[in-house]
Structure formats: structure tokens, C-alpha cells
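Okay, predicted coordinates and the sequence, questions at the end:
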Number of protein chains: 2
Amino acid sequence: MKRGAVKIPDKCSECGHKEGVICKIADIEKDILSEKKGSNYYKKGQVIFYEGNHSNGLYCIYKGKVKISKLGEDGKEQIVRFAKENDILGYRSMLSKEPYHGTATAMEDCYVCMVSKDRFNQVLEQDAKLSMNVIQLLSKDLRNAEQLLIDVAQKSVKERIAESIIKLERTFGLKEDGKTLDVILTRSELADMAATTTETAIRTLAQLTEEALISLNGKAILIENKSQLINIAGIYD
Amino acid sequence: MKRGAVKIPDKCSECGHKEGVICKIADIEKDILSEKKGSNYYKKGQVIFYEGNHSNGLYCIYKGKVKISKLGEDGKEQIVRFAKENDILGYRSMLSKEPYHGTATAMEDCYVCMVSKDRFNQVLEQDAKLSMNVIQLLSKDLRNAEQLLIDVAQKSVKERIAESIIKLERTFGLKEDGKTLDVILTRSELADMAATTTETAIRTLAQLTEEALISLNGKAILIENKSQLINIAGIYD
DNA sequence: CGTCAGCTTGATTACTTTCAATTGTTGTGG
DNA sequence: CCACAACAATTGAAAGTAATCAAGCTGACG
């Protein structure tokens, strides 16, 4: 897919997406956001923003999948979250005037809009509902981060890999066959997600395949026994 | 310390604390919050609210130390945060209308005020600055949670125990001698904080004592070589 | 002064990481 | 389109770290 293959609307009110934080505000406010809006194409693997850099706006994904990761001291990466179309990125650093807490990397070719800081703040002041939405979003992210913390602290690698697969399914869904995860990760990314090493991730995938809970097709992962996978993952909600 | 030994003001405007989220709003708004405000005494070890229960207000600590923890599946506890005078608790569940994400337990005898949900929401709608403060607070909590996640995922137990000690010092400070942490934790609580077992926490404390970085006096922990401790913990800020 | 909870120590076990080597895949330039 | 370089996946073996299990020990408190 080349740049230009996808047409990004100039105005947020014409975006067509429904579920995002921005989607729920009034059209007139969307048009305020859209003034000075930029849009960019990011090739697979390209970094959208780096941990530690300063924010000058807010990103909203029009199309594509993005991972948000943080580096430990020794340079090992931890994936803390994913984002896909509709999702906004970088709002936290923008609001708290701090450097980015994580690095956002395109997992596939992406189209991303950029809203200026000033415009967003302007709408935020006008619209109490938007700030409530932001609070809700932060709450959700915080809840997820704390859950991941408990998982890493208390679950075994096998449980975490099983959970990661279920999370991927819930975030990105399945392909038409109803089994294949609709996202491609490297083994190393899966390891970064489950907080383990590449080798252990591979061995654990082999073990889950052995037990017929999943199957593998190159990098693609197929869910063969979802309920048992959920069971192993220890997910109850 | 018995109930009644401490006098809690009836109004937030007379509270005297300066640093909390609530402290920074106007007196007139504080008085709105104070209508229907309750205040309670919690004995050491008593639970202020339980994970999973529903929120009907916001807690603000007038005096005392509180731990916020979450349970894993197998019942093992993870301390995710501490709170002390000035700090507010339970606002997240209140705002997002979800059950409490964690359990708050008094680590020593505490005096805690309770602000009604309605009053808080009322002020929140009036005062854009308060909602911004809440956003900042959530951002900070999220940043801390993600940092803790990286720590648990990537640091050794020794590093995490060292870091826990430094965090305790930064949160609760030292006694008059300039060395003793001004907070008492059981070994098991320290383990729950550093995401390890009681036995390993004890062995690690012994090791740090051996290396003359800390010393122990019953349950109390004395910092003997702070810079080296920070060094081991891998804290750079 | 007995009891109970929390602390401490030792020994063993299990899980993961690390290191090393090999094979497989992909993208690129000629 | 092929060859090659670079990167990703896989497998095996060894080493380490921390959890678990099992006993004493200690100190606070009625």
C-alpha cells in the first residue's frame, strides 16, 4: 500500500468513524479541531513518536495498527497498549505537558491525523463532556495498566501468552475464517507484550500448539480452542 | 490513638492542608463539597473500601497512611499505590461509575473525610480547573503504574526491593534521625509492594544489610547509603 | 506466661533466562 | 528473477533466580 492509496478527510466531521473520543463531540467542535489538522502516512515499522520527546499535538489514527511501548533500563521493550483506527494517542503528554511516556510504532502502514494542541485545549475548555471522556479514557488505561501489572507480577509465562492472544483477539478481531488473529506480530513483539523473552515466547507457542489450543501459520496465530485459552489465561470478565 | 483525639474540621475550607487536589479550588467551592461531608476514624488494619464494591463518594485523607492494593486470582496481593494526608481516594471509580479497582487499607490509625458524589460532580462541572487537576492526577497515577509494570517485568527482586525502599522514603519521608523510614510495613507488605514473596523479601533485606546499604531495627528500615540504593534500584529521575 | 502471628533460615524444586548455533524468510540490488 | 544480506524464528543446553515447602524462632499482647 502506497501513500495516496487512502484518502483522509480534511475535517473530523467527515471522518466517518463513530467510536472514538473525538467522534462523540458536536460537529461544530470537530470543525474547530480540524483547523490546522495535519495528516500523515507512516510506513510499517516507522515510529510516530518517541518516549521522552515533547508533544505538540494529539494523534488520531484514521487507519492502521499501532503499538505503544516503553523501554526498561537495559533497553528491553514492554508493549503497554495497542491503538487502532479511532483511537487517540499522545493526549496524556499533551495535557500534562510532559514528554511522551512511551514510543508509538506503526505495526502496519498507517494513516494518522494530527490535531493541534491549541485547538484541542480550546474545545476541552468549552465542552465539559469532552473532558469527562478524557477522564474516562485515562481511567480505562489506568485500569488496564494495573491489571497488566498484576498479570506480570503473578501469572506464569504460559498464562500471560494465553492472555496476550486473547487480548489481541479482543483488540483486533479475527479474519474471515473466524480463527486467525487479524494482526501480525513478530515473536519478539509477542514476547514484549507478555513480558518474557523471544525464545520463551516461541517455546510457549509450541506448547500451546501441542495442546491444540492454537495453531500457527508462519507468523499468524490461529485460535483453536478459545474457551480453554481463556481458562488458562485466567480471565474472568 | 483513640477516636476523638484528632479534631477534623467540618469544612474543607478550614482543613489547613495545602497540597491536595481539593485544596487548590476556591473556598466557596470547598464549602459546596463540605455540605454533607462525613468524616470517619479507621483503626490500623481496617479496610476503607474493598475492590469490587461500588463507590458512593470520594475519600480524602485528613491524617494517616493508607495502602491501595489489588488481588490476583490466587489471592496474592499487589500494592499499587500509597496515600497519605491530602490525598484523595476512590475518585476514579466514582467518576467512571465502576466498582473500586483496589482495596484501601489503613496502615495506621486514620482520619478520613468523605465527600458526596453529587457535590463533587457539581463542582467538577462548574470548575474546569478541577477537572484538569483530576486529569493530571490520573496521568500521574497512570505514569506510575506503567513504570511499576516495567520494573516488575524487567528488574530483579533486589532492584525492586531497593526501589521500594526509596519510594517509601519519597512518599513518607524519614524520622528525625534522618535515616529511619517514617512508615512501618510488615515484611509481607514490603513483598506485596515489590511483587515477590515474604521469604525472598526478608532474604533481600538481609543482603542489603550485609552490604551496609540499609540497617534494620525490628520492622523499621534505616537507609544507610541512599545513593548506592538509588543506584541499585536504577532510578534516574 | 502461653499463644499466635509474623519473622527467619534452610533445602529443594521449578521456571525462565541466557547463550550458542542453525535454519528459515524477506527485501533489495544487480 | 536470482543471490545475498539482514533479520526473524527455532532448538538445545546450561545457569540462575526466585518460589515453594518445611521448621524453628521471636516478640507482642491478653
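Ah, there it is.

Of all residues in chain A, which one is nearest the centre?
A:F82 (1.5 Å; Cα atoms, centre = their mean).

And it, which helix or strand is it part of?
Using DSSP states H and E, A:F82 falls within strand A:77-83.

which residue ranges form the strands in chain A?
Assigned by DSSP state E, the strands in chain A fall at A:38-42, A:47-49, A:57-63, A:66-71, A:77-83, A:88-89, A:103-106, A:110-116, A:214-217, A:220-223.

what packs against the shortest one?
Just to be clear, that refers to strand A:88-89. Packing partners of strand A:88-89 (3 or more Cβ pairs under 8 Å, 6 or more residues apart in numbering or on different chains; DSSP states H and E): strand A:57-63. For the C-beta atoms, the positions are set from N, CA and C on the backbone; glycine is no exception.

how about the strand it packs on as PDB, C-alpha atoms only?
Output in PDB follows, covering the C-alpha atoms of strand A:57-63 (Å, rounded to 0.1, in the frame of the first residue of the first chain):
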ATOM      1  CA  GLY A  57      -0.300  17.800  19.400                       C
ATOM      2  CA  LEU A  58      -2.600  14.900  19.500                       C
ATOM      3  CA  TYR A  59      -2.600  11.900  17.100                       C
ATOM      4  CA  CYS A  60      -5.800  10.200  16.000                       C
ATOM      5  CA  ILE A  61      -5.500   7.100  14.000                       C
ATOM      6  CA  TYR A  62      -7.500   7.000  10.800                       C
ATOM      7  CA  LYS A  63      -6.300   3.600   9.600                       C
END
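
mind listing what the residue nearest to the centre of chain A touches?
Contact analysis of A:F82 by Cβ atoms under 8 Å, 6 or more residues apart in numbering or on different chains lists A:65-68, A:107, A:171-172.

One more: A:K30?
If a contact means Cβ under 8 Å, 6+ apart, then A:K30 has A:11-13, A:15, A:22 as its contacts.

do A:E98 as well
B:139, B:143.

any idea how far it lies from B:L124?
Distance from A:E98 to B:L124, counting by Cβ to Cβ, to the nearest Å: 23 Å.

go on, A:E189?
A:E189 sits 39 Å away from B:L124, going by Cβ to Cβ.

Find the nearest non-adjacent residue to A:A153, please.
B:A195 (3.9 Å; Cβ to Cβ, 6 or more residues apart in numbering or on different chains).

For chain A, which residues are neighbours of DNA strand C?
A:156-158, A:195-197, A:199-200, A:203, A:218 (Cβ under 7 Å from any atom of the strand).

Select from those residues the one having the most neighbours.
Note: the member of the residues of chain A next to DNA strand C with the most neighbours is A:A195, at 24 neighbours, neighbours being other Cβ atoms under 10 Å in any protein chain shown.

which residues does that one contact?
Residues in contact with A:A195 (Cβ under 8 Å, 6+ apart) are A:78, A:152, A:160, B:153-154.

Can you flag the buried ones in these?
Buried by 16 or more other Cβ atoms under 10 Å in any protein chain shown: A:78, A:152, A:160, B:153-154, out of the contacts of A:A195.

Could you chop chain A up by domain?
Per the record, chain A has its domains at A:12-152, A:156-233, by automatic domain parsing.

is DNA strand D contacted by the longest one?
No - applying Cβ under 7 Å from any atom of the strand, one finds domain A:12-152 separated from DNA strand D by no less than 7.9 Å.

Could you pick out the buried ones from the contacts of A:F82?
Among these, those buried by neighbour count (16+ other Cβ under 10 Å) are A:65-68, A:107, A:171-172.

Quickly note the distance from A:E159 to A:S188.
Taking Cβ to Cβ, one finds A:E159 at 20 Å from A:S188.

just to revisit the earlier point, could you give the angle of the strand holding A:F82 to strand A:110-116?
Orientation of strand A:77-83 against strand A:110-116 (axes from the mean of the first three to the mean of the last three Cα atoms, to 10 degrees) gives an angle of 80 degrees.

just how off-centre is strand A:77-83 within its chain?
Centre-to-centre, strand A:77-83 and its host chain are 7 Å apart (Cα atoms, centre = their mean, to the nearest Å).

do the same with stretch A:96-104
Centroid displacement of stretch A:96-104 relative to its chain, using Cα atoms, centre = their mean, is 15 Å.

The helix ranked longest in chain A to strand A:77-83, inter-axis angle?
The longest helix of chain A (DSSP state H) is helix A:128-154. When the same axes, to 10 degrees is applied, the directions of helix A:128-154 and strand A:77-83 differ by 140 degrees.

Give me the helices and strands touching helix A:128-154, please.
Where contact means 3+ Cβ pairs under 8 Å, 6+ apart, helix A:128-154 is packed against strand A:77-83, helix A:91-96, helix A:117-126, helix A:157-172, strand B:77-83, helix B:91-96, helix B:128-154.

Under the pLDDT cut-off, which ranges of chain A? List them.
Applying pLDDT under 70 to chain A flags residues A:1-5.

Repeat the analysis, applying 90 as the threshold.
Per-residue confidence for chain A (pLDDT under 90) gives these ranges: A:1-27, A:29-39, A:56-57, A:73-75, A:95-97, A:122, A:124-132, A:235-237.

Identify the residues contacting A:N86.
A:17-20, A:23, A:60-61.

Just the closest of the residues you listed to A:L142, please.
Distance ranking of these against A:L142, using Cβ to Cβ, places A:G20 first at 18.7 Å.

burial count for the closest one?
By the measure other Cβ under 10 Å, the count of residues near A:G20 is 18.

Quick check: buried residues in stretch A:73-90?
The neighbour-count check on stretch A:73-90 (16+ other Cβ under 10 Å) flags A:76-90 as buried.

picking that back up, in the buried ones among the contacts of A:A195, find the pair that's most separated.
Spanning the widest gap among these are A:R160 and B:Q154, at 14.1 Å by Cβ to Cβ.
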